[in-house]
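Undergrad: with the input below, show me the fold.
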Amino acid sequence: MTWGQINDETLAAAAELIGVPLRRNHMQWIETASRDAIRHFAWGIGDNNPMWLDPDYGPSSPAGTMVAPPCLLYAIDSTIVAPKLAGVQWIYAGTEWTWYDHIRMNDTFKVDVVFTKQEVKTGRRFGKWALQTGELDYINQHGQLIASAVGKCARTPRGDGSKPKKGEESQGHVPHRYELSELADIEEQILSEPRRGAEPLYWEDIVVGDTVPPVIKGPLTITDIIAWYSACQGALHYGGVHG
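TA: Model (predicted):
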């Protein structure tokens, strides 16, 4: 088998796993949505919602207990389904989520994963690459399906195959540099964001033309990205079992 190449042989070997359940024992950063795990994840994504942080707040909610941010499930399983094609890099290509219930404090999960599809594609940058798709079911300790995900990964060549051809070089993106006044304004908007929380919004209190308060998020920084990885992947080696 050719290492690091996408050809008929390596693609056929990967395609043999379509429909086969995959082991995920190396893909989990956490297994249980403990109070600490929920808090650390919420800190990692910069979300101070009391539903995830205040154990005395959740019991009065419809969930009846402290709950976790829905995307905590990325820490249970990354949704990366990229089997075979050894040495070929994978690029996260998105996840479609369906949630069926809350993630309650102390829920423990097992994840059923099946590799469902492999599409062979061509383009200007790569002579041949593959888009791999997997389906994941997140099942709690009661056997209840809490969420399903469809994850996609692009498998693309490394090295010269990933470089643009002559004449196709990008002009490059010049990042916006925020002035201190801009950052101060963003911070003020974030800190003044209204939180309705436990106060119901009744139909009769809504009139045509009402506006929804904006949700402000600041510029994405390297620190934000590191915090996200700390929350959902921690010290796991990059790429998990297929990296």
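
Undergrad: tell me which helix or strand in this protein has the weakest average pLDDT.
TA: Of all helical and strand segments in the chain, the minimum by mean pLDDT, DSSP states H and E falls on helix 222-232, at a mean of 85.

Undergrad: list the buried ones in that helix?
TA: For helix 222-232, a neighbour-count test (16 or more other C-beta atoms under 10 Å) marks 228, 231, 232 as buried. C-betas here are computed from N, CA, C, even on glycine.

Undergrad: report all helices and strands that that helix contacts.
TA: Under the contact criterion of 3 or more C-beta pairs under 8 Å, 6 or more residues apart in numbering; DSSP states H and E, helix 222-232 touches helix 35-45, helix 73-76.

Undergrad: now find how far off-centre the shortest one is within its chain.
TA: Translated: helix 73-76. From the chain centre to the centre of helix 73-76 is a distance of 8 Å (C-alpha atoms, centre = their mean, to the nearest Å).

Undergrad: just stretch 196-211 next, same as before
TA: 31 Å.

Undergrad: distance across that stretch, terminal residue to terminal residue?
TA: Stretch 196-211 has an end-to-end distance of 14 Å (criterion: C-alpha to C-alpha, to the nearest Å).

Undergrad: which residues does that stretch contact?
TA: 50, 57, 60, 61 (C-beta atoms under 8 Å, 6 or more residues apart in numbering).

Undergrad: any idea of the mean pLDDT in that stretch?
TA: Average pLDDT, stretch 196-211: 88.

Undergrad: ok, back up a step: most tightly packed of the helices and strands packed on helix 222-232?
TA: With neighbours taken as mean count of other C-beta atoms under 10 Å, these reach their highest mean count in helix 73-76, at a mean of 25.

Undergrad: what about that one, average pLDDT?
TA: 94.

Undergrad: next one: stretch 98-113
TA: The model assigns stretch 98-113 a mean pLDDT of 96.

Undergrad: okay, buried residues for it please.
TA: 102, 103, 104, 105, 107, 109, 111, 113.

Undergrad: just stretch 13-31 next, same as before
TA: Here stretch 13-31 shows 14, 15, 17, 22, 24, 27, 28, 29, 30 as buried, counting by 16+ other C-beta under 10 Å.
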